[in-house]
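Student: have a look; sequence and predicted model below, questions after that.
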Amino acid sequence: MKIEISEVANLPSRFGSFKIQSFKEGIKEHLVIFKEPLDDVPLVRIHSECLTGDTIGSLKCDCRDQLEYALKAIEKESGMVIYLRQEGRNIGLLNKVNAYALQDKGFDTIEANHQLGFKADERTYEVVEFILAHFGIARIKLLTNNPLKLDSLKGIEIVERVPVIIEANQFNEHYLKTKKEQMGHLF
Ligand SMILES: Nc1nc2c(ncn2[C@@H]2O[C@H](COP(=O)(O)OP(=O)(O)OP(=O)(O)O)[C@@H](O)[C@H]2O)c(=O)[nH]1
Ligand SMILES: [Zn+2]
């Protein structure tokens with residue numbers, strides 16, 4: 001797939017002063033937020049879009065806390081957040097809301113995806129390899145608790161996994177438990 005690349009622009013934010021660049025893959029306009037100077041082995045967070053969490057502040061998941069954690073971390077030590085437009089583990093917003101409606105009836109996140117005909121996780125990460133290659137990065141420290149992500153990046157050496165440490169709340173406790181017990185997340 002052809003990827004269109006924007007210019008680099010400044011982005012002052014409440015978490016620090018960053019640079020941004022967009023990588024457009026079909027209809028998905030991904031964003032890279034970075035803080036220079038980038039080390040040879042930079043700290044990288046691959047964040048999946050979560051409109052409900054990142055923007056609205058939903059407490060059903062840990063996405064916004066993770067995003068803020070990552071932005072604060074790269075402000076401190078430089079690095080990059082790759083913000084991928086893979087809403088709802090790539091099932092899209094409408095389907096995620098339908099999954100939430102099923103969760104209201106008692107299904108967990110995985111069961112709800114299955115009920116809708118999706119895998120538990122429909123994400124792929126080829127564009128990340130493209131983006132890192134564009135920056136000349138072959139080795140990274142990856143900010144994640146997700147073992148699937150560690151296995152998904154072919155051609156990128158993950159020198160270190162840096163955990164994302166977030167406190168649970170009463171609404172996402174079950175979500176985090178499912179991630180740990182059924183999706184192998186490393187908490
Ligand atoms: N289908 C679905 N997607 C969800 C649900 N809750 C959050 N998401 C999406 O899950 C994605 C984030 O994935 P997570 O599994 O929380 O975290 P991760 O990115 O895999 O792992 P970390 O790197 O450790 O954060 C975002 O795209 C959210 O929109 C849900 O109940 N159902
Ligand atoms: Zn979320």
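Tutor: Thanks, I have the structure now. Numbering: from 1, shown residues only. Ligands and ions are numbered 1, 2, ... in the order given.
Student: you'd agree I158 is up against L142?
Tutor: Yes - applying C-beta atoms under 8 Å, one finds I158 in contact with L142, separated by 5.0 Å. Just so you know, the C-beta spots here come from the backbone N, C-alpha and C atoms, and that holds for glycine as well.
Student: shared neighbours of these two, which are they?
Tutor: L150 (C-beta atoms under 8 Å, 6 or more residues apart in numbering).
Student: got the residues of this protein near ligand 1?
Tutor: 48-50, 61, 63, 66, 86-89, 91, 96, 99, 109, 113, 144-146, 149, 164, 179, 185 (C-beta under 6 Å from any ligand atom).
Student: for the top strand by length along the chain, output the C-alpha coordinates as CSV.
Tutor: Criterion DSSP state E: the longest strand present in the chain is strand 16-25. Taking Å, rounded to 0.1, in the frame of the first residue of the first chain, the C-alpha atoms of strand 16-25 are listed here in CSV:
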residue,chain,number,x,y,z
GLY,A,16,5.6,18.9,26.4
SER,A,17,6.8,20.3,23.1
PHE,A,18,6.7,17.7,20.4
LYS,A,19,7.1,17.3,16.7
ILE,A,20,4.4,15.6,14.7
GLN,A,21,4.2,13.9,11.3
SER,A,22,1.3,12.0,9.7
PHE,A,23,1.5,8.8,7.6
LYS,A,24,-1.6,8.2,5.5
GLU,A,25,-2.3,4.6,4.7
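Student: give me the buried positions along it.
Tutor: Counting neighbours by 16 or more other C-beta atoms under 10 Å, one finds that the buried residues in strand 16-25 are 18, 20-21, 23, 25.
Student: and ligand 2, which of the residues of the chain next to ligand 1 reach it?
Tutor: Near ligand 2, judged by C-beta under 5 Å from the ion, the entries from those are 50, 61, 63.
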